[in-house]
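# fold the following for me, if possible:
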Amino acid sequence: MNKELLQLLTLDDLHGESKELAEVIGMPAFIRLVEVYGGTGRMYIPQADMLLIPVRDAKIREEYDGTNLYGICQKWELSEGTVRRIVQEKSRELRRAPVDGQLSLFDA
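Sure, this is the predicted structure:
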């Protein structure tokens, strides 16, 4: 590939999906994508919803206090099973934590 010619490429030289992509991300980023992924068939752009699942799950774990499962289900429009799976580890931690004011066997 001739990098000098690639640097002369303009938006007006593009058509279809290539032009749409260049309009969204800009010509410098488009040219870089072409240099790295052009013709490889390896480029997949995931849906935003799929990318956001880990972020959503972290927010749910932050919000969960052991008593608000159903509120979280409604807020995030998720099933009870899905929310339980997301908060499973935090739920275990909350159950293991001592109750405020509770003495342990070793405190006596």
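
# tell me how many other residues crowd Ala22.
Using other CB atoms under 10 Å, Ala22 has 21 neighbouring residues. Heads up, the C-betas are built off the backbone N, CA and C, glycines and all.

# then Tyr64?
Neighbour tally, Tyr64, other CB under 10 Å: 19.

# check contacts around the nearest residue in space to it that is not next to it in sequence.
Of all residues not flanking Tyr64 in the chain, Val87 sits nearest, at 4.4 Å (CB to CB, 6 or more residues apart in numbering). Contacts for Val87 (CB atoms under 8 Å, 6 or more residues apart in numbering) come out as 60-61, 64, 69, 72.

# contacts for the worst-scoring helix or strand of the chain on mean pLDDT?
Ranked by mean pLDDT, DSSP states H and E, the weakest helix or strand in the chain is helix 3-8, scoring a mean of 86. Helix 3-8 has contacts (CB under 8 Å, 6+ apart) with 31, 34-35.

# just give me the closest of these to Gly16.
Val34 (14.2 Å; CB to CB).

# number of nearby residues for that closest one?
16.

# how near is the closest residue in space to Phe30 that isn't next to it in sequence to Met43?
Nearest non-adjacent residue to Phe30, counting by CB to CB, 6+ apart: Ala22, 4.0 Å away. Distance, Ala22 to Met43, by CB to CB, to the nearest Å: 14 Å.

# so Ile72 makes contact with Glu62?
No: counting by CB atoms under 8 Å, Glu62 is not a contact partner of Ile72; they are 10.4 Å apart.

# now do the same contact list for Arg84.
Arg84 touches 69, 91, counting by CB under 8 Å, 6+ apart.

# what about 6 Å?
Arg84 is in contact with no residue at all, counting by CB atoms under 6 Å, 6 or more residues apart in numbering.

# now it: which helix or strand?
Assigned by DSSP states H and E, Arg84 belongs to helix 80-86.
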